[in-house]
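> quick one, structure for this:
(chains A and B)
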Amino acid sequence: GNSVTQMEGPVTLSEEAFLTINCTYTATGYPSLFWYVQYPGEGLQLLLKATKADDKGSNKGFEATYRKETTSFHLEKGSVQVSDSAVYFCALSVDGGSQGNLIFGKGTKLSVKP
Amino acid sequence: DGGITQSPKYLFRKEGQNVTLSCEQNLNHDAMYWYRQDPGQGLRLIYYSQIVNDFQKGDIAEGYSVSREKKESFPLTVTSAQKNPTAFYLCASSIVPSGYNEQFFGPGTRLTVL
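Have a look, this model is predicted:
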């Protein structure tokens, strides 16, 4: 079946530190991969996505590369800010079957200290 | 502004009562989704609808019901049969039910059973 595994948190960093949140997946077919961010008390917002192997998604200084050989989609940012404190979810979607349904990882809480 | 609205933001219910959560979108999206979020468990799919007057069960549909009489509306009823209804409920939509398309999320409704 399809599943997403992401590193457990919480992750605590100092401002301007380098961020990596690991995400690996298992999927039948050719999934699209997503990173969503959830700020406290809010819904989820799409951060970035990649729809095929070797694609790199990027937004707001965050990047993730779709690695088919390692079935990974790790999230990175070179210099985090306090405003990046949130919960980050890795997700996949496989076209066909339950079309468009997202399968989420459990989320990684990031806290950035000034 | 286009988007998804959910109401109310906070909802309290006594045991044994049914309650309906509202979800409205003005994005002209075909597909709509309901997720449940519990601490440490990510998001789990309750129901989804790919088109008006049609909907499908997700992974945890027991104790829930939905309707899709209009394209812009997808209300979720939490029935008394749901054993543990206290959770954060998120509604989402996408242009079409495809794995390539991102889902847009509402701000969520936090349901507490007293």
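> so what's the residue count around the residue lying closest to residue A:45 once chain neighbours are set aside?
Excluding the flanking residues, the one nearest residue A:45 by Cβ to Cβ, 6 or more residues apart in numbering or on different chains is residue A:37, at 5.5 Å. Using the backbone N, CA and C atoms, a C-beta is placed for each residue, glycine as well. The number of residues packed near residue A:37 is 21, by other Cβ atoms under 10 Å in any protein chain shown.
> ok, what's across the strand from residue A:37?
Beta-bridge partners recorded for residue A:37 (DSSP bridges): residue A:45, residue A:88.
> that one against residue A:44, yeah?
Yes - shown here, residue A:37 and residue A:44 form a contact pair, counting by Cβ atoms under 8 Å, at 7.0 Å.
> what do those two both touch?
residue A:89 (Cβ atoms under 8 Å, 6 or more residues apart in numbering or on different chains).
> next, count neighbours for residue B:67.
Count around residue B:67 with other Cβ under 10 Å applied: 15.
> separation between residue A:23 and chain B?
Distance, residue A:23 to chain B, using Cβ to the nearest Cβ, to the nearest Å: 12 Å.
> OK, contacts around the residue most central in space within chain B?
The residue lying closest to the centre of chain B (Cα atoms, centre = their mean) is residue B:34, at 2.8 Å. Neighbour list for residue B:34: B:23, B:45-48, B:58, B:64, B:66, B:74, B:76, B:89-92 [criterion: Cβ under 8 Å, 6+ apart].
> for chain A, give me the ranges with low pLDDT.
A:95-100 (pLDDT under 70).
> what segments of it are strands?
All strands of chain A, identified by DSSP state E, fall at A:3-6, A:11-14, A:19-21, A:23-26, A:32-38, A:44-50, A:56-59, A:62-65, A:75-77, A:86-93, A:102-104, A:108-113.
> next, format those as CSV and append distance to residue B:106.
Conversion of the strands of chain A to CSV gives the following (distance: least, Cβ to Cβ, whole Å):
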stretch, distance to residue B:106
strand A:3-6, 22
strand A:11-14, 27
strand A:19-21, 24
strand A:23-26, 24
strand A:32-38, 12
strand A:44-50, 9
strand A:56-59, 21
strand A:62-65, 23
strand A:75-77, 23
strand A:86-93, 16
strand A:102-104, 15
strand A:108-113, 21
